[in-house]
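Asks: Just the structure for this:
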Amino acid sequence: MELILETLKRQLILRGYQEPASDYALQHDISVLALCPNGGKTEISIDVIRRLLLLYPNLKVLILTHSTNVLKDNYTDRLDGLNLNFAYSTTFDKNCQVHICLPQSEHLIKDKYDFLIVDEAHENYLAKRVQSIVKKIKPKKQLLLTGTPSVFIKKGGYDIFPLAINSIPEEYFAKLQIELVASNYNWNNKHNNQLELKSDTIFSKEQTEKTLESIILKLIERVKNGFTAEEFNNPGLITKLKSWAYTYKQLGKTMIVCKSIKQAADVSSILNFNGVKSMVSDSSTDKDSLEIQNFKNNKFDVLIVVDRARLGYSDDSLFNIIDMSGTHSPNMIYQIFCRALRGTPDMKKYYLKVTTQEYGMMEFTHACVSAALMLTDNKYLSTFNGDNFNGIKIPFIKTPSTKTTSSTGVKSKRNKRFVFPEFTNDVIDMFKNIIHNLDEPVSIYKLTTIGAVRAELSGKRTLTIEELWESARGSI
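Replies: Below you'll find the model as predicted:
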């Protein structure tokens, strides 16, 4: 039986656009492969191992996956399906040339290694634990795999090979529609310098329930019934749901991204109360990532995650991502919506970004999602260091209030106002303007698809700074 299974394994054949990435990694001592989801980071790294071991059969290789078993299993599953010239071990078998482990297994790593591969390197390569492993094993060659190379661009000194979505044929991706929706949350002035919500941000259960009921549920109904965004903003076209559970089952697999464990627990409680089977996965309640595996195996309808949506979770059957995390980091938004990009063009998927109706916050969210969409282009993926575009900082600027003195000598404060971030060169408004009604909480106000962004980035003329600012003023 084992012999039959062995003969059924396929040969490793790279797609044409993947071969230069493999060559690049082979030629550099420390290289960063910055490949978008479905770009083939795992296959390319396996090809590099295969080629190196053909040249140097006694080479020893260590692969560090991220700190969840799901990502380690993703890697070993790919290896198991291939007919290769090497053997691997997850238990440090000395008879195998390639060892695979999680960074937390540092205490089990005893030997020196010639070649180190770090998966999800933007998350863990520069962390103290992984750097300790690097010093311990002293590899002559390193390959860092990531979807967003900004941390390495900012630090400098790394050889980076970028491969963005726009560089890969559309046949390898699902059709992803991105929509922004207003919510009942209050996030004004709650963001830190990394564009993440502060850890003490309060997500009350009442706000969460109202958000799920008045926005997400109705939005999902529109998606299910195929309404256009314009039609959905006409309340007369909204039909009454049969039930929450019915709606989610009709939708397909859905991931909800939360900021805190409490918010995730509230979301799960509300969904389960309404008959939607959901589970929560975060680093404290699901240390072995068992719930992620159960979700992949279709054991329940909705997976609620805290932080883990940005990891290389691979599931072609994931159709919807509802982002309630409040993140405005372009890197993070990109990592999250890319989870739904896997598939083929006949699959229509959705990334629903929840924002708030507070003054300026909708424009803030719009700007940051536009910035994230720019990372689908090689030009921006290879230059974005986490807080800049072409030398201009992306973080939302809030002008401070200033004291003024009237003719009567009475001092007053000028109201704070929000300023739309500056973009330059061919960066245009990525979203198509549609109905925007601040008085209607379920109003969807921006809409785009990856295909539209691809066309905009490749075909639009350069806008002047004056035109950009005029566009920005018209959006506020």
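
Asks: Model confidence for residue 460, exactly?
Replies: Turning to residue 460, the model gives it a pLDDT of 50.

Asks: Count the neighbours of residue 110 for me.
Replies: Applying other C-beta atoms under 10 Å, we find 9 other residues in the vicinity of residue 110. C-beta: built from backbone N, CA, C; applies to glycine.

Asks: does it sit in a helix or strand, and which one?
Replies: Assignment of secondary structure by DSSP states H and E places residue 110 within no helix or strand.

Asks: Which pLDDT value belongs to it?
Replies: Looking at residue 110, its pLDDT stands at 87.

Asks: Just to check, it is in contact with residue 92?
Replies: Yes - counting by C-beta atoms under 8 Å, residue 110 touches residue 92, with 7.4 Å between them.

Asks: and the residue nearest to residue 100 when sequence neighbours are not counted, helix, strand or coil?
Replies: Across the structure, with C-beta to C-beta, 6 or more residues apart in numbering as the measure, the residue nearest residue 100 apart from its sequence neighbours is residue 63 (4.5 Å). Under the three-state scheme (DSSP: H, G, I helix; E, B strand; the rest coil), residue 63 adopts strand.

Asks: Okay, and the beta partners of residue 63?
Replies: Using DSSP bridges, the beta-bridge partners of residue 63 come out as residue 100, residue 117.

Asks: Can you report how many residues lie near it?
Replies: 26.

Asks: what do you get for residue 85?
Replies: A count of neighbours around residue 85, defined by other C-beta under 10 Å, yields 12.

Asks: That one is in what secondary structure piece?
Replies: Residue 85 is located outside every helix and strand, with elements delineated by DSSP H and E.

Asks: I'd guessed the residue nearest to residue 100 sits against residue 121; true?
Replies: No - applying C-beta under 8 Å as the test, residue 63 and residue 121 come out as separate, 11.7 Å apart.

Asks: Return the mean pLDDT over stretch 31-39, rounded to an integer.
Replies: Confidence for stretch 31-39, expressed as mean pLDDT, is 88.

Asks: Would you mind writing the CA trace of that stretch as CSV?
Replies: The C-alpha trace of stretch 31-39 is given here as CSV (Å, rounded to 0.1, in the frame of the first residue of the first chain):
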residue,chain,number,x,y,z
SER,A,31,17.0,36.3,0.9
VAL,A,32,13.4,37.4,1.6
LEU,A,33,10.8,36.0,-0.7
ALA,A,34,7.9,38.4,-0.5
LEU,A,35,5.1,36.5,-2.3
CYS,A,36,1.4,37.2,-2.2
PRO,A,37,-1.0,34.4,-1.1
ASN,A,38,-1.2,31.6,-3.6
GLY,A,39,2.1,32.8,-5.0
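
Asks: before we move on, the earlier item: identify the contacts common to residue 63 and residue 121.
Replies: Contact criterion C-beta atoms under 8 Å, 6 or more residues apart in numbering; residues shared by residue 63 and residue 121: none found.

Asks: the helices in the stretch 251-400 of the chain, which residues?
Replies: With DSSP state H, counting those that start in this stretch as the criterion, the stretch 251-400 of the chain has helices at 261-273, 290-296, 330-337, 361-374, 378-381.

Asks: who are the neighbours of the longest one, in terms of helices and strands?
Replies: I take that to be helix 361-374. Here helix 361-374 touches strand 175-183, helix 330-337, strand 348-356, strand 417-419, strand 444-449, helix 450-459, going by 3 or more C-beta pairs under 8 Å, 6 or more residues apart in numbering; DSSP states H and E.

Asks: can you give me the angle the second one makes with strand 175-183?
Replies: Taking axes from the mean of the first three to the mean of the last three C-alpha atoms, to 10 degrees, helix 330-337 and strand 175-183 form an angle of 120 degrees between their directions.

Asks: any residues touching helix 330-337, and which ones?
Replies: Helix 330-337 is touched from outside by 122, 147-148, 150, 176, 178, 195-196, 257, 309-311, 321, 323, 325, 327, 351, 353, 368-369, 371-376, 384, 386, 394, with contacts defined as C-beta under 8 Å, 6+ apart.

Asks: care to break this protein down by domain?
Replies: Following automatic domain parsing, the chain resolves into domains at 2-163, 170-475.

Asks: Only the buried residues of stretch 76-88, if you could.
Replies: For stretch 76-88, the neighbour count (16 or more other C-beta atoms under 10 Å) marks 76, 78, 79, 84, 86, 88 as buried.

Asks: Now name the helix or strand holding the second one.
Replies: Which is residue 78. When secondary structure is defined by DSSP H and E, residue 78 falls within helix 69-80.

Asks: okay, that helix in CSV with CA atoms only?
Replies: What follows is the C-alpha trace of helix 69-80 in CSV, where atoms were taken according to Å, rounded to 0.1, in the frame of the first residue of the first chain:
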residue,chain,number,x,y,z
ASN,A,69,0.4,23.5,14.3
VAL,A,70,-1.9,24.4,11.5
LEU,A,71,0.9,26.2,9.6
LYS,A,72,3.4,23.4,10.3
ASP,A,73,0.8,20.9,9.0
ASN,A,74,0.3,23.0,5.9
TYR,A,75,4.0,22.6,5.2
THR,A,76,4.2,18.9,5.9
ASP,A,77,1.1,18.3,3.8
ARG,A,78,2.7,19.8,0.8
LEU,A,79,5.8,17.7,1.3
ASP,A,80,3.8,14.5,1.7
